[in-house]
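K.L.:
Provided below are the primary sequence and the corresponding predicted coordinates.
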Amino acid sequence: MLFDTHVHLNDLAFNKDIEEVIKRAKENDVTKMAVVGFDKATIERALELAQIYPFIYLIVGWHPTEAIHFTDDILAWLRDLAKDPKVVALGEMGLDYHWDTSPKEVQFEVFRKQIRLAREVNLPIVIHNREATDDIVRILQEEHAEEVGGIMHCFGEAIEVMQKCLDLNFYISFGGTVTFKNAKLPKIAAEAVPLEKMLIETDAPYLAPHPKRGKRNEPAYVKLVAEKIAELKNMKYEEIATYTTNNAEKLFRIK
């Protein structure tokens, strides 16, 4: 049993063959998925998928690259969505300094508002971090994000950063990058992460793992991530599957 804790099955890349994608996921041990909606269109599509498929759960929030478009009405909408039993976390939220689409000050404000909402509705948060590690850790600390905890999505930082995230009550999630030949930091982190704080994901359709790199990613490939982590930790694949699924169900409060 595998739990893909971060997948964009609501992406246009899956519009034509979603049933086949889901079938392949099931054939590769994937029994649950958390679909992420990070703007109006992707949230609405994620809601549709959750109604159709009982094994799909929802993560809803506002992406930092879209921060310039955030409004009080959107915040109120997210607050209302948090009441849906299928919504298991808020996100992906955070900071993105790679794409110059929203000023840093705007990103800070939107990030803080979503953390405060998560504390209000008592849901964990999912962090998007691109070239903004120090500011993300600082804001999480200042906003007492440890009260709800959450996931450091697609983690690829140094051990010292991982420890700060663990101290903030966050799980560390690994995706396709842990399989990349020259990606040293994700491998070092995967070797060191405590078993009880480890999660796996695909971020599909992005970041397909080796040997699928360069192709469209899909939930079935989370098995390749689990197998690589098992190799790095000198454990059995089945053990990694059990730990990561149990961890996800605990964090998301899924019975």
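P.N.:
Yep, it's here.
K.L.:
Please, where are all the strands along the stretch 1-150 of the chain?
P.N.:
Using DSSP state E, counting those that start in this stretch, the strands of the stretch 1-150 of the chain run over 2-7, 30-37, 56-60, 87-96, 125-130, 150-152.
K.L.:
Starting from the shortest one, tell me which strands it pairs with and how they run.
P.N.:
What it means is strand 150-152. Its sheet considered, strand 150-152 pairs with strand 125-130 (parallel), strand 170-174 (parallel) by DSSP bridges.
K.L.:
do the longest one as well
P.N.:
For strand 87-96, the paired strands and their directions (DSSP bridges) read strand 56-60 (parallel), strand 125-130 (parallel).
K.L.:
again with the second one
P.N.:
Strand 30-37 has its sheet partners listed here by DSSP bridges as strand 2-7 (parallel), strand 56-60 (parallel).
K.L.:
pLDDT of the last one, averaged?
P.N.:
Predicted confidence along strand 56-60 averages 98 (mean pLDDT).
K.L.:
Alpha carbons of it, as CSV, please.
P.N.:
Output of strand 56-60 as CSV, limited to C-alpha atoms (Å, rounded to 0.1, in the frame of the first residue of the first chain):
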residue,chain,number,x,y,z
ILE,A,56,-8.6,10.8,-3.4
TYR,A,57,-8.2,13.3,-0.7
LEU,A,58,-7.7,17.1,-1.1
ILE,A,59,-5.0,19.6,-0.2
VAL,A,60,-6.2,23.1,-1.0
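K.L.:
And that strand, what's buried?
P.N.:
56-60 (16 or more other Cβ atoms under 10 Å). C-betas here are computed from N, CA, C, even on glycine.
K.L.:
Where does the prediction get shaky in the stretch 1-150 of the chain?
P.N.:
For the stretch 1-150 of the chain, no stretch is flagged by pLDDT under 70.
K.L.:
all helices of it, in order?
P.N.:
Remark: helices assigned in the stretch 1-150 of the chain by DSSP state H, counting those that start in this stretch are 18-27, 40-52, 72-81, 104-121, 133-142.
K.L.:
Now do the third one against strand 30-37, angle only.
P.N.:
Relative orientation of helix 72-81 with respect to strand 30-37: 160 degrees, computed using axes from the mean of the first three to the mean of the last three Cα atoms, to 10 degrees.
K.L.:
can you offset everything so residue one is 745?
P.N.:
From this message on, residue numbering opens at 745, which makes the last subject helix 816-825.
K.L.:
Just the buried positions in helix 816-825, please.
P.N.:
818-819, 822, 825.
K.L.:
Number of residues surrounding E810?
P.N.:
19 (other Cβ atoms under 10 Å).
K.L.:
How much space separates it from L884?
P.N.:
Distance of E810 to L884, given as Cβ to Cβ, to the nearest Å: 20 Å.
K.L.:
How about T946?
P.N.:
24 Å.
K.L.:
out of the two, which sits in the busier spot?
P.N.:
Neighbour count, other Cβ under 10 Å: between T946 and L884, T946 has more, with 30 against 24.
K.L.:
No more questions from me, cheers.
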